[in-house]
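1. I need the structure of the sequence given here:
(2 chains)
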Protein chains: 2
Amino acid sequence: MNEKEIAVTDVSRYIVLAIYDIADNKRRQNMVKCLSRYAVRVQKSCFEGILTTKQCSQMEKYASRIINDSEDSLRIYRLRDHTKVKSWGRGHIETEDVVIF
Amino acid sequence: MNEKEIAVTDVSRYIVLAIYDIADNKRRQNMVKCLSRYAVRVQKSCFEGILTTKQCSQMEKYASRIINDSEDSLRIYRLRDHTKVKSWGRGHIETEDVVIF
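-> A predicted model of the protein is given here:
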């Protein structure tokens, strides 16, 4: 088990968590491409990133255009500092370091 | 698009987000059963719940036993009050209300 507390020293940024359920393969690939420009993949359909307000709004704009409202689901969380996360099993280790500042 | 700010007035509780990647069908069903005892499903592999420390530790204990460390991934976030979440597309509407107090 790996435990960490997410904290960002640069006050103009915060941790963003994007999770999605997308049925269609093409749309799902587009979502991965889109989110990969802003965040790091921590699970198959989950990305974590450290973004400014502008970057986050941009990511939201592009990502929300990709989904089909009746078939897909996209949730973007703006986490607050000192959010705790525990992970078990296959973790994307490089993201663990990237997230902590 | 739906936007909400998660806040819990009962100070002994907090919002927990559990997300998982599980390859094996049987294990995945067991995870759904396990997490459903504590939280509400907001996406295929994502649950949100409002839990006490004891409930959260219990959920972590049982959920982490289900996964295969080399094949699966489980992440449990303890969100802090006023975490913002935006959702697009298919949302589990009943969970939206449940989360806000």
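2. When you work out contacts or count neighbours from here on, use the C-alpha atoms and nothing else.
-> Fine.
3. Close to chain B: what parts of chain A are there?
-> Contact residues, chain A versus chain B (Cα under 8 Å from any Cα of the partner chain): A:20-21, A:43-44, A:64, A:67-80, A:82-91.
4. From the chain's centroid, how far away is stretch A:2-19?
-> A distance of 10 Å separates the centroid of the chain from that of stretch A:2-19, by Cα atoms, centre = their mean, to the nearest Å.
5. typo on my end, it should be stretch A:70-80
-> The answer for stretch A:70-80 is 9 Å, by Cα atoms, centre = their mean.
6. What's opposite residue A:87 in the beta bridge?
-> Applying DSSP bridges to residue A:87 yields these beta-bridge partners: residue A:2, residue B:75.
7. For chain A, just list every one of the helices.
-> All helices of chain A, identified by DSSP state H, fall at A:25-36, A:53-66, A:93-99.
8. what are the C-alpha coordinates of the second one, in CSV please?
-> Output for helix A:53-66, consisting of C-alpha atoms alone and laid out as CSV, is shown next (Å, rounded to 0.1, in the frame of the first residue of the first chain):
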residue,chain,number,x,y,z
THR,A,53,-7.0,27.8,-13.4
LYS,A,54,-6.4,28.6,-17.0
GLN,A,55,-5.1,25.1,-17.8
CYS,A,56,-7.9,23.4,-15.9
SER,A,57,-10.6,25.4,-17.8
GLN,A,58,-8.9,24.6,-21.1
MET,A,59,-8.7,20.9,-20.2
GLU,A,60,-12.4,21.0,-19.2
LYS,A,61,-13.4,22.7,-22.4
TYR,A,62,-11.6,20.2,-24.7
ALA,A,63,-12.4,17.1,-22.7
SER,A,64,-16.1,17.9,-22.3
ARG,A,65,-16.4,18.3,-26.1
ILE,A,66,-15.2,14.8,-26.7
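9. Many thanks, we can stop here.
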